[in-house]
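Asker: need a 3D model of the following:
(chains A and B)
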Amino acid sequence: MARAVTTRRKMTFTIIGWAIGFVIFFPILWTFLTSFKTEGTAIATPPQFLFFDWTIENYHEVQSRSNYMKHVTNSVVISVGSTLIGLALAIPAAWAMAFSPTKRTKDVLMWMLSTKMMPPVGVLVPLYLIFRDWGLLDTRLGLVGILTMINLPIIVWMLYTYFKEIPGEILEAARMDGASLMKEIVYVLTPMAVPGIASTMLLNIILAWNEAFWTLNLSAANAAPLTAFIASYSSPEGLFWAKLSAASTMAIAPILIMGWFSQKQLVRGLTFGAVK
Amino acid sequence: MLSRTLLLGAVSVFALAGAAHAETLTIATVNNSDMIRMQKLTEDFTKKNPDIQLEWVTLEENVLRQRVTTDIATKGGQYDIVTIGTYEVPIWAKQGWLLPLDGLGDAYDKSDLLPAISDAVSVDGKLYASPFYGESAMVMYRKDLAEKAGVTIPEKPTWDQIAEAARKMTDKSTETYGICLRGKAGWGENMALLTATANSFGARWFDEKWTPQFDQPEWKKALQFYVDLMKEAGPPGASSNGFNENLALFQTGKCGIWIDATVAASFVTNPKESKVADQVGYALFPTGGTENHGNWLWAWNLGVPAGTQKAEAAQKFVSWATDKAYTELVASKEGWANVPPGTRKSLYANPEYGKAAAFAKITLEAMNAADTSKPTVKPVPYTGGQFVAIPEFQGIGTAVGQQFSAALAGSVSVDQALQSAQQLTTREMTKGGYIK
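Answerer: From the prediction side, this is the model:
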């Protein structure tokens, strides 16, 4: 009897879980379906779910109008580049804050996060002028730089919480054995924090991939990533939902696939503290 | 071996010299079908000008405006050619952000431009942007529904005639709505329609001393008329409909009358997209007890920012994309119906264009009826038809648009909306230094 209840409960939870998952996933599914419709069916009321004339015309159109690979390359370089540089800067910073805190550490952390509280448009013009004078406008280097700085507070915060979970005694033991500071960070701390670092990395790649304010405003033709690619398919006069959906599907596909493959690390990293 | 090395060296030097010589123009544009067609035809330009290469940056209209404004205001020099509307041209020209276009060459026949358009993109007689395509607003209606309802829409209708026809055409049981008008808030969305409508009712945004006029009876009449009509004969949820939403409604046969930009005619008569392609009739923008047809006038234009290093090449491109030969190029490749409309007299004198585009005559009439230098019945200190050509209008227009959209949705009354509009406009104009 008890067994039956468990099964029923399991089933209920499974159904609820799937239902919530489906609701969350639905907009992406809808975008995907719309990308195979004609502009006419895309706006039809009532909306057509599965039974319409499927067409790949939109993908053809998007391919012929935009240089997709150039945008993908830019997105990859910008998101991965900024995340790696961010990690290189944040690991030592988070180490210092987690293992040799001072009485100001909390304030420093708060101050770092406070830079995220200002609306970005407030600093657009000054940053634009700096970029112009340094010749960084519309360069990947410039975008890597700005995204590194934008995501740095989040990286530091995430790493800090992971590092806090690691007992300081282990690091002390390494120090007793004569490990230098560098060795301690590279050989002892980093391997233990790999799940945390991995999930921080993945999350930041996703954040940088989707960042649309700075990447749109500081790029033009050469360094424009996928955000600019999507933005080019919205039209003030004329129907565009189907083509925009095709472009969006193409833009999120790489990061979605990466997300699927790294799901395990992501979940493990995000629940790192709780399961330990 | 040595000779081969020398040869290789020489070749690379030449290659480098060639590369250094070739100029790349970066062009910022919006995603409209005429612009996309231009992108596809650029081979013709690069063939004629092998030393110039083109890079396109297509962006959503509002993103483009923000992006290009930032660049041009800081003289960032990211773009050599920008696509801008008739709203920006006079403002930016006065700021010194645009170069006057005096190097367009002989083939560019300036006197062939439609006078209304040419005036809208000139400051002190100098051309600051070259019109690519232009539009006014007009009435599009379903001939079959009008016949069924037993109404006729004259070529120069009044708002009362439109309202009567719309009410008779409405049949909510079949989801047929007599009239579709913009309701989505925005200076370029509902305020374009409402400013033009207000003009036709004899209202104005400001008096000669820049005092807002929303407390005057003309505005009250115009807005009350619009809200009442839309409540009775408009589609549900009209307060979130813009150009594209109404286009979709009209194309799927749900609207009897649609009053909007003339460029819409080419969409609703395209049998591939529209179910009602062979049933569309046209009329001029209605009047409300005045002789004023709203004075709606818009054009997308190509301008050259003052920050560019490649002004000469940029003007060469602008000239290619907007002269008469381009029209013929599009016609030969894609047919006359796809030629960018509304900029040149010669296009409307061309019998082939008249044959291919049934809406050509009425479009020309609508554009000729628009006078942006004298948009209202009473005198005003500003220019611009469905907008007020001052930098503050983007902000004020959108804020007022939100009030009027709320009035349409029924969450505030017409009087409340007008009162808030009056207050917020007075505040902003005082802040801007217009009201002393």
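
Asker: please make it C-alpha for all contacts and neighbour counts, starting now.
Answerer: OK.

Asker: all strands for the stretch 1-150 of chain A, in order.
Answerer: Using DSSP state E, counting those that start in this stretch, the stretch 1-150 of chain A contains no strands.

Asker: smallest gap between it and chain B, at which residue?
Answerer: Nearest residue of the stretch 1-150 of chain A to chain B (CA to the nearest CA) works out as residue A:132 at 5.8 Å.

Asker: can you name the residues of chain B sitting close to chain A?
Answerer: Applying CA under 8 Å from any CA of the partner chain, we find that chain B lies next to chain A at B:26, B:30-33, B:55-61, B:63, B:67, B:70-71, B:74, B:76, B:78-79, B:243-244, B:247-248, B:252, B:264, B:267, B:273.

Asker: list, one by one, the residues from the stretch 1-150 of chain A near chain B.
Answerer: Within reach of chain B by CA under 8 Å from any CA, the stretch 1-150 of chain A has these residues: A:39, A:40, A:43, A:44, A:125, A:128, A:129, A:132, A:137, A:138.

Asker: quick check on those residues: which are buried?
Answerer: Applying 16 or more other CA atoms under 10 Å in any protein chain shown to these, the neighbour count classes A:39, A:40, A:43, A:128, A:129, A:132, A:137, A:138 as buried.

Asker: quick check: the last one touching residue A:228?
Answerer: The one in question is residue A:138. No. Using CA atoms under 8 Å, residue A:138 is not in contact with residue A:228; the gap is 11.9 Å.

Asker: re the thing from before, now, the residues of chain B next to chain A that are in strands?
Answerer: Among the residues of chain B next to chain A, the residues falling in strands (DSSP state E) are B:26, B:30, B:55, B:56, B:57, B:58, B:59.

Asker: so for chain A, the centremost residue is which one?
Answerer: Chain A has residue A:206 as the residue nearest its centroid, 1.5 Å off, counting by CA atoms, centre = their mean.

Asker: quick one, domains of chain B?
Answerer: Listed by automatic domain parsing, the domain ranges of chain B are B:2-134+B:298-356, B:137-296+B:368-431.

Asker: now the ones you listed as JSON lines including distance to residue A:232?
Answerer: Listed next are those as JSON lines, based on distance: least, CA to CA, whole Å:
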{"stretch": "domain B:2-134+B:298-356", "distance to residue A:232": "4"}
{"stretch": "domain B:137-296+B:368-431", "distance to residue A:232": "16"}
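
Asker: mean neighbour count, those domains: which tops it?
Answerer: For the domains of chain B, average neighbour numbers computed from mean count of other CA atoms under 10 Å in any protein chain shown are highest in domain B:137-296+B:368-431, which has a mean of 21.

Asker: so how far does it reach from one end to the other?
Answerer: Counting by CA to CA, to the nearest Å, you get 33 Å between the two ends of domain B:137-296+B:368-431.

Asker: now it: average pLDDT?
Answerer: Averaging pLDDT along domain B:137-296+B:368-431 gives 94.

Asker: check stretch B:331-341 too.
Answerer: pLDDT averaged over stretch B:331-341 gives 89.

Asker: how about stretch A:224-239?
Answerer: 86.

Asker: how long is it from one end to the other?
Answerer: Start-to-end span of stretch A:224-239 (CA to CA) is 24 Å.

Asker: OK, contacts around residue 264?
Answerer: Answering for chain A, as no chain was given. With contact set as CA atoms under 8 Å, 6 or more residues apart in numbering or on different chains, residue A:264 has no partners.

Asker: sorry, I should have been clearer: chain B.
Answerer: A:237, B:247.

Asker: repeat that with 10 Å
Answerer: Listed by CA atoms under 10 Å, 6 or more residues apart in numbering or on different chains, the contact set of residue B:264 reads A:237, A:238, B:135, B:137, B:138, B:140, B:243, B:244, B:246, B:247, B:258.

Asker: roughly how far does residue A:95 sit from residue B:293?
Answerer: From residue A:95 across to residue B:293, the span is 71 Å (CA to CA).

Asker: didn't the residue nearest to the centre of chain A look like it was pressed against residue A:147?
Answerer: No. Using CA atoms under 10 Å, residue A:206 makes no contact with residue A:147, being 11.8 Å away.

Asker: which neighbours do those two have in common?
Answerer: Joint contacts of residue A:206 and residue A:147 (CA under 10 Å, 6+ apart) are A:79, A:83.

Asker: now residue A:230, what's its secondary structure?
Answerer: Secondary structure state of residue A:230, per DSSP: H, G, I helix; E, B strand; the rest coil, is helix.

Asker: what about it, neighbour count?
Answerer: 22 (other CA atoms under 10 Å in any protein chain shown).

Asker: now do it against residue B:107, distance only.
Answerer: Taken as CA to CA, the span from residue A:230 to residue B:107 is 37 Å.

Asker: my read: residue B:145 touches residue B:179, true?
Answerer: No. With contact defined as CA under 10 Å, residue B:145 does not reach residue B:179; the gap is 11.6 Å.

Asker: anything in contact with each of those two?
Answerer: B:165, B:166, B:169, B:170, B:255, B:256, B:257.

Asker: just checking, the first one is part of a helix?
Answerer: Yes. Using three-state DSSP, the assignment for residue B:165 is a helix.

Asker: list the contacts for it?
Answerer: Applying CA under 10 Å, 6+ apart, one finds that residue B:165 lies in contact with B:141, B:145-146, B:149-153, B:159, B:178-179, B:233, B:256-257.
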